[in-house]
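J.: Need coordinates for the following:
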Amino acid sequence: LGAAHTVTSADCVSVKKGDHILFARELDTAKNGGLPATAIKYAGPSMTNGSGNGVYIAILGVVRDQVVWTTSKNGYATSLDPKGQVTWCNAGVADKYGPEENFGTPGAANPACPGAAVCGDSKTESPETCDDGNKTPGDGCDEKCQVEVECGDGDKEGSEECDDGNKTSGDGCDDKCKLEAPPPCTAGVDAGTLLITELMAKSQSGTDNGEWIEIHNAGTEEIQLTGCLKLRNKTTDAPVTGGVGKVMIPAGGFSIIGRSDDPKKNHGAPVTFVQSKFYLTNSGLSGDNKLSLFYGGAVMDELQYSAAQVKEGVSTQLSSDKLTATDNDDPKNWCPSTKTYGTAGKNGTPGAANDSCSSS
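T.: Okay, the predicted model is just below:
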């Protein structure tokens, strides 16, 4: 990669035979996908993903090793087969590292490439997802060393699209753990009935899967939400997925739409619905740019906010005594949340009543 990637260090970097040393462009784990803290930083441009690219290692100007690649798979490291049977391959799904969907073994020994794994040898090697020392199905690990999935056990695994703890069709998740068509949207829901009452625009620096938006039912009747919601950020539409069967928001109730429903990624926010099309804008929305909430194709609420309202790890909330579509247009009715939620000490009240801004 040239002199721009020369690694310099005030300390001696010693490598013993059999060691693995990791070089990274970024040492901040919030930005590098959760690489081990033992990584050594190098400066310069990023490696490109196209054909004919390569990297070499040189000591005192003498090239010791070099590799050229033709393509790369997003989120997957390319690793050398330690057994020398297949040479190079993409990391397997069993080699997930860090909080994001990244796969590899940075700083550690590589697993065997597909084709080198031996099912039944009690060693789980990619592409195996289990290896219990035999090839007997029915014991949780099948004859191909893949984790067996049991529909109806309440754990969504493998090819299951859902698992609600039973094998009863008609409740949104059928007897084969496949999602059923969503129930119809509630009729007669007028604009302003569903409104945005709180948002976490920046839960952390870097890739932010902890973003969420709280919606409130300001009406007098419960509303069925599954399959009926959509968000628009500026001009980007985002279908809202999630919810199994009928998910009702009661009159006066709240529900959360987030970037991720994985509590390990969203800091423990109680996310029911997911949109993964866009990130909330940290610089705010003004002019013709708005955050819009749709129900059944109709606009329910539109919101603008400023950069001053965006604070890392702190949600901005609509005052509990101003829960109307008109009042949420006035920035004076919004304030930072002071209560904590979830697993990482973030401030907000996702899915619960907001505080009064006049007393916060």
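J.: Low-confidence regions, the stretch 101-250 of the chain specifically.
T.: Where the stretch 101-250 of the chain drops to pLDDT under 70, the residues are 114-116.
J.: so where do the strands sit in it?
T.: Taking DSSP state E, counting those that start in this stretch to define them, one finds strands in the stretch 101-250 of the chain at 102-103, 194-200, 212-217, 223-224, 229-233, 236-239, 248-249.
J.: Tell me which of those strands sits nearest to Cys357.
T.: Ranking those by proximity to Cys357 (Cβ to Cβ) places strand 194-200 first, at 11.5 Å. (Each C-beta comes from the backbone N, C-alpha and C, glycine too.)
J.: Strand 212-217 and that closest one, what's the angle between them?
T.: Orientation check (axes from the mean of the first three to the mean of the last three Cα atoms, to 10 degrees): strand 194-200 against strand 212-217 gives 150 degrees.
J.: Which strands border strand 194-200, and is each parallel or antiparallel?
T.: When pairs are called by DSSP bridges, strand 194-200 turns out to pair with strand 212-217 (antiparallel), strand 316-318 (antiparallel).
J.: Quick check: mean pLDDT of the last one?
T.: Spelled out, that is strand 316-318. Averaged across strand 316-318, the pLDDT comes to 98.
J.: any idea how far that strand is from the chain center?
T.: Average the C-alpha atoms of strand 316-318, do the same for its chain, and the two points are 23 Å apart (Cα atoms, centre = their mean, to the nearest Å).
J.: what residues does it touch?
T.: 196-199, 201, 214, 305, 309-310, 327-328, 333-337, 348-349, 354-355, 357 (Cβ atoms under 8 Å, 6 or more residues apart in numbering).
J.: give me that answer again for 7 Å
T.: With contacts defined as Cβ atoms under 7 Å, 6 or more residues apart in numbering, strand 316-318 is touched by 197-199, 305, 309, 328, 333-337, 349, 354-355.
J.: Dump those residues to a markdown table, plus distance to Lys234, neighbour count and secondary structure.
T.: A markdown table is the format used below for the contacts of strand 316-318 (distance: Cβ to Cβ, whole Å; neighbours: other Cβ atoms under 10 Å; DSSP: H, G, I helix; E, B strand; the rest coil):
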| residue | distance to Lys234 | neighbour count | secondary structure |
| --- | --- | --- | --- |
| Thr197 | 21 | 25 | strand |
| Glu198 | 20 | 24 | strand |
| Leu199 | 15 | 25 | strand |
| Tyr305 | 13 | 20 | strand |
| Gln309 | 17 | 18 | helix |
| Asn328 | 18 | 23 | helix |
| Asn333 | 23 | 18 | helix |
| Trp334 | 20 | 22 | strand |
| Cys335 | 25 | 19 | strand |
| Pro336 | 24 | 16 | strand |
| Ser337 | 25 | 22 | coil |
| Thr349 | 26 | 20 | coil |
| Asn354 | 25 | 25 | coil |
| Asp355 | 29 | 18 | coil |
